[in-house]
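In: Okay, here's the prediction I keep looking at, along with the sequence it came from:
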Protein chains: 2
Amino acid sequence: MAMAGAEWKSLEECLEKHLPLPDLQEVKRVLYGKELRKLDLPREAFEAASREDFELQGYAFEAAEEQLRRPRIVHVGLVQNRTPLPADAPVAEQVSALHRRIKAIVEVAAMCGVNIICFQEAWTMPFAFCTREKLPWTEFAESAEDGPTTRFCQKLAKNHDMVVVSPILERDSEHGDVLWNTAVVISNSGAVLGKTRKNHIPRVGDFNESTYYMEGNLGHPVFQTQFGRISVNICYGRHHPLNWLMYSINGAEIIFNPSATIGALSESLWPIEARNAAIANHCFTCAINRVGTEHFPNEFTSGDGKKAHQDFGYFYGSSYVAAPDGSRTPGLSRSQDGLLVAKLDLNLCQQVNDVWNFKMTGRYEMYARELAEAVKPNYRPTIVKE
Amino acid sequence: MAMAGAEWKSLEECLEKHLPLPDLQEVKRVLYGKELRKLDLPREAFEAASREDFELQGYAFEAAEEQLRRPRIVHVGLVQNRTPLPADAPVAEQVSALHRRIKAIVEVAAMCGVNIICFQEAWTMPFAFCTREKLPWTEFAESAEDGPTTRFCQKLAKNHDMVVVSPILERDSEHGDVLWNTAVVISNSGAVLGKTRKNHIPRVGDFNESTYYMEGNLGHPVFQTQFGRISVNICYGRHHPLNWLMYSINGAEIIFNPSATIGALSESLWPIEARNAAIANHCFTCAINRVGTEHFPNEFTSGDGKKAHQDFGYFYGSSYVAAPDGSRTPGLSRSQDGLLVAKLDLNLCQQVNDVWNFKMTGRYEMYARELAEAVKPNYRPTIVKE
């Protein structure tokens, strides 16, 4: 049967190794759209990445020249990583180790000219929600506005003139001390620009997250940064086309999708969903997944009839960027920490919009009406019978 | 640069030829999800397909056994084909030749036990909308209720005990003689069950269809057939996630997507969109495209700054079926007429729904509200600034 672990590095590496060049070009065209130019990243960045043992890749998405607008170039950075310490290490030590790891990767991103960086979902902790235990995992929750991780990210942002998207477990002490799955957006000035919350919460297998937090209540905010308008669609929101749509209607040009997802459940969906969202909404999407297997101190069951066990499954990395024209970067490795740098010309969003016109032809009034009807308890679907 | 024509048969054939078996299995797992069993179709069906010079493939999608429901097995057939006569042949002869071609393919489908068959978009004509000429192309329009093509399909349906989905150019003489892009759904009894219309009309390049017909006014009907609940999302509606969603909310278990789309424009989007819709809506989707290059008698331009020419581009076939669990069949050939038979257990829809819960977690009330706001002329999107 198919493997599920780290032995197989990536789809792209496999295709490059085995296919003759003309076939490889056709396969890439059908799978990825037009071929992207590799970015010429600085040698010291590759050296630092190699020293720190993470993968570094860079690609450029280009747009046509226009008369009235200059190219709107932004470099985004996507970070995927393992948790460096075991899940039974003291909470404070785990957080510190993650801060150190991310700091090293962000320094390389800065060498590569990254303007906006996004970390993986709940990046300061192991993805422990599968355990359904509260302590010690809820101790990883922090204030979005002035918790230690936000302060850490503010320093990074200011030092490197970089927008930082920091997805954390949030404790909201001003509203009854509840937890949320939140992304904090920090401006390149170092100021907290705002926060956004995970809008759709899974009830799937080991994703027992509804034990810890509820659906987000902040709607679909878009953050106007110096480098472009961004939104954050956290993890399971990736499966909900309306979630992507509302961020896009509100003006997002880049939608980050920090995630934590495992091979057996979703690996064949992963290349489809964020890329479909880039196509359907004329925007860039950045899908980020963590890496490796996380082992927990106590055993738990997964609602699948199987014996109790102590790990969640294999997080397969494979982070990638997709463009409004349907093209995409290769995925980062399935098995290694990594930084993916993508140079985007945001003019491409409007250019593709003006070619394909999905918003113009979207008939949203009709759907607003139909959806409002469909949610009524006495709704009768239109079913034609003989 | 990448090819655009028929020389390259299919992605799947290329991968099978070059990849060593363990790698091939991993590539298939990442690209297609779980591997599907090939259907054991009758030898006389393959012989007839070979005699008639079209490709025949068959795959089975399986579901888990349940205690209270028996498997709900349905065999669907997807037909892709070239137009057999040149576009400047007399209209009646072109239609007759297409009727003959389809009859031959449907007979093979009947040998394979197909219960529901769907033809490509505007199957009785060349896809002449790129010309923007009215005559002779509007002469291909027929009554959906009792035009010659509907009568032809009623005979096929009754003879073979098969539901027939017949996408045609419709002339609606009871409402001002206007044209529509319509799919007629004919019950296996031979009765016309109803019709459904293309909800989103492209204004893209050579897809000048808005010259001929407007957005459909029949909403999102679902047809209850003896073999399951089906809908038809015609062509460009594939790019609109809300269109798929409303068919699914109304109860569709299988959504057909009869299309006409060309390589340069959409080939890298093709494997993404219908498959994403199957995943997002917990249903089966059947994406059908025509094959070959169609040449027109008069030259036309395409709004792309290029010289006038007489063909639209290369229709790349590649029809496929995708399942709610994200798995999919290989595509039919890029260059040959074909019949794809898929055996579906419709129980899989509810099973995947109960695992992933995208409808339960969909928050449609929120989106109905947000969309209703967003379409207002004075809508101010939620944009957070520093």
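Out: Nice, I can see it. Residues are numbered from 1 along each chain as shown, chains lettered A, B, ... in the order given.

In: rest of the way, CA atoms for contacts and neighbours
Out: Fine.

In: Just the CA trace of stretch A:38-47, in CSV.
Out: In CSV, the C-alpha atoms belonging to stretch A:38-47 read as follows (Å, rounded to 0.1, in the frame of the first residue of the first chain):
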residue,chain,number,x,y,z
LYS,A,38,13.2,30.1,-10.2
LEU,A,39,14.2,33.1,-8.0
ASP,A,40,17.9,33.9,-7.9
LEU,A,41,18.2,34.0,-4.1
PRO,A,42,21.4,35.1,-2.4
ARG,A,43,24.1,32.5,-1.8
GLU,A,44,24.4,33.4,1.9
ALA,A,45,20.6,32.6,2.3
PHE,A,46,21.2,29.1,0.9
GLU,A,47,24.2,28.7,3.1
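
In: Packing partners of the helix or strand of chain A with the lowest mean pLDDT?
Out: Scoring the helices and strands of chain A by mean pLDDT, DSSP states H and E places helix A:263-266 at the bottom, with a mean of 83. On a contact count with 3 or more Cα pairs under 8 Å, 6 or more residues apart in numbering or on different chains; DSSP states H and E, helix A:263-266 meets strand A:309-316.

In: tell me what the strand it packs on is packed against?
Out: Going by 3+ Cα pairs under 8 Å, 6+ apart, strand A:309-316 lies up against helix A:263-266, strand A:291-300.

In: now the closest residue to A:Ile73 other than its chain neighbours: how far from chain B?
Out: Nearest residue to A:Ile73 in three dimensions, chain neighbours excluded: A:Asp345, at 4.5 Å (Cα to Cα, 6 or more residues apart in numbering or on different chains). Per Cα to the nearest Cα, to the nearest Å, A:Asp345 is found 20 Å from chain B.

In: swap in A:Leu135?
Out: According to Cα to the nearest Cα, A:Leu135 stands 27 Å off from chain B.

In: Output the helices and strands packed on strand A:309-316 as TSV; include the columns mean neighbour count.
Out: Shown next, in TSV, are those (neighbours: other Cα atoms under 10 Å in any protein chain shown):
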stretch	mean neighbour count
helix A:263-266	17
strand A:291-300	18
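
In: weakest of those in terms of mean pLDDT?
Out: Note on the helices and strands packed on strand A:309-316: helix A:263-266 shows the lowest mean pLDDT, a mean of 83.

In: With just CA atoms, put it into CSV.
Out: Extracted in CSV, the C-alpha atoms of helix A:263-266 (Å, rounded to 0.1, in the frame of the first residue of the first chain):
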residue,chain,number,x,y,z
GLY,A,263,-1.4,12.4,5.1
ALA,A,264,-4.0,9.8,5.5
LEU,A,265,-6.8,12.3,5.8
SER,A,266,-6.0,15.0,3.2
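
In: so how far is it from its chain's centroid?
Out: 16 Å (Cα atoms, centre = their mean, to the nearest Å).

In: List the contacts of whichever helix or strand comes after it.
Out: Following helix A:263-266 in sequence order, the next helix or strand is helix A:270-281 (DSSP states H and E). Helix A:270-281 has contacts (Cα atoms under 8 Å, 6 or more residues apart in numbering or on different chains) with A:238-239, A:241, A:244-245, A:248, A:257, A:283-287, A:321-326, A:328, A:358-359, B:31, B:239-241, B:269, B:272-273, B:275-276.

In: cool, and stretch A:139-156?
Out: A:91, A:95, A:99, A:103, A:106, A:124-125, A:162, A:164, A:166, A:168-173, A:179, A:182, A:184, A:186-187, A:190-192, A:195.

In: Among these, which ones are in helices?
Out: Using DSSP state H, the subset of those located in helices is A:91, A:95, A:99, A:103, A:106.

In: re earlier: let me know which of the helices and strands packed on strand A:309-316 is the nearest to A:Lys158.
Out: Checking the helices and strands packed on strand A:309-316 against A:Lys158 by Cα to Cα gives strand A:291-300 as the closest, at 27.8 Å.

In: Neighbouring strands - and their directions - for that closest one?
Out: strand A:309-316 (antiparallel) (DSSP bridges).

In: Next secondary structure element downstream of the partner strand?
Out: strand A:320-322.

In: CA atoms of whichever helix or strand A:Leu156 is part of as CSV?
Out: Assigned by DSSP H and E, A:Leu156 belongs to helix A:148-160. Only the C-alpha atoms of helix A:148-160 are listed here, as CSV (Å, rounded to 0.1, in the frame of the first residue of the first chain):
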residue,chain,number,x,y,z
PRO,A,148,4.9,36.9,24.5
THR,A,149,4.6,35.5,21.0
THR,A,150,3.0,38.7,19.6
ARG,A,151,5.8,40.7,21.3
PHE,A,152,8.4,38.4,19.8
CYS,A,153,6.8,38.8,16.3
GLN,A,154,6.6,42.6,16.7
LYS,A,155,10.4,42.6,17.2
LEU,A,156,10.9,40.4,14.1
ALA,A,157,8.6,42.6,12.0
LYS,A,158,10.3,45.9,13.0
ASN,A,159,13.9,44.5,12.7
HIS,A,160,13.2,43.1,9.3
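
In: List the buried residues of that helix.
Out: Residues of helix A:148-160 classed as buried: A:149-151, A:153-158, A:160 (neighbour count, 16 or more other Cα atoms under 10 Å in any protein chain shown).

In: Next: stretch A:75-94.
Out: Residues of stretch A:75-94 classed as buried: A:75-83, A:85, A:87, A:91, A:94 (neighbour count, 16+ other Cα under 10 Å).

In: quick one: which of those sit in helices?
Out: Per DSSP H, those map to helices at A:91, A:94.

In: Name the residues of the stretch 51-200 of chain A found near chain B, please.
Out: By Cα under 8 Å from any Cα of the partner chain, the residues of the stretch 51-200 of chain A that approach chain B are A:187, A:191, A:193-194, A:200.

In: so which pair among those is furthest apart in space?
Out: Across these, no pair lies farther apart than A:Ala191 and A:His200, at 27.4 Å, counting by Cα to Cα.

In: number of nearby residues for the residue nearest to A:Asp304 when sequence neighbours are not counted?
Out: Closest residue to A:Asp304 apart from its sequence neighbours, by Cα to Cα, 6+ apart: A:Gly205 at 7.0 Å. Other residues near A:Gly205 come to 15 when the count uses other Cα atoms under 10 Å in any protein chain shown.

In: now the one 10 residues further on
Out: Other residues within reach of A:Glu215, judged by other Cα under 10 Å, total 16.

In: Please report the distance of it from chain B.
Out: A:Glu215 is 9 Å from chain B, where distance means Cα to the nearest Cα.

In: coming back round to it: how far out from the middle of the chain is the helix holding A:Leu156?
Out: With Cα atoms, centre = their mean as the basis, helix A:148-160 stands 20 Å off its chain's centre.

In: do you know how far the closest residue to A:Glu52 other than its chain neighbours is from chain B?
Out: Distances taken as Cα to Cα, 6+ apart put A:Ala104 closest to A:Glu52, at 7.5 Å, once the chain neighbours are dropped. For A:Ala104, the distance to chain B equals 27 Å [Cα to the nearest Cα].
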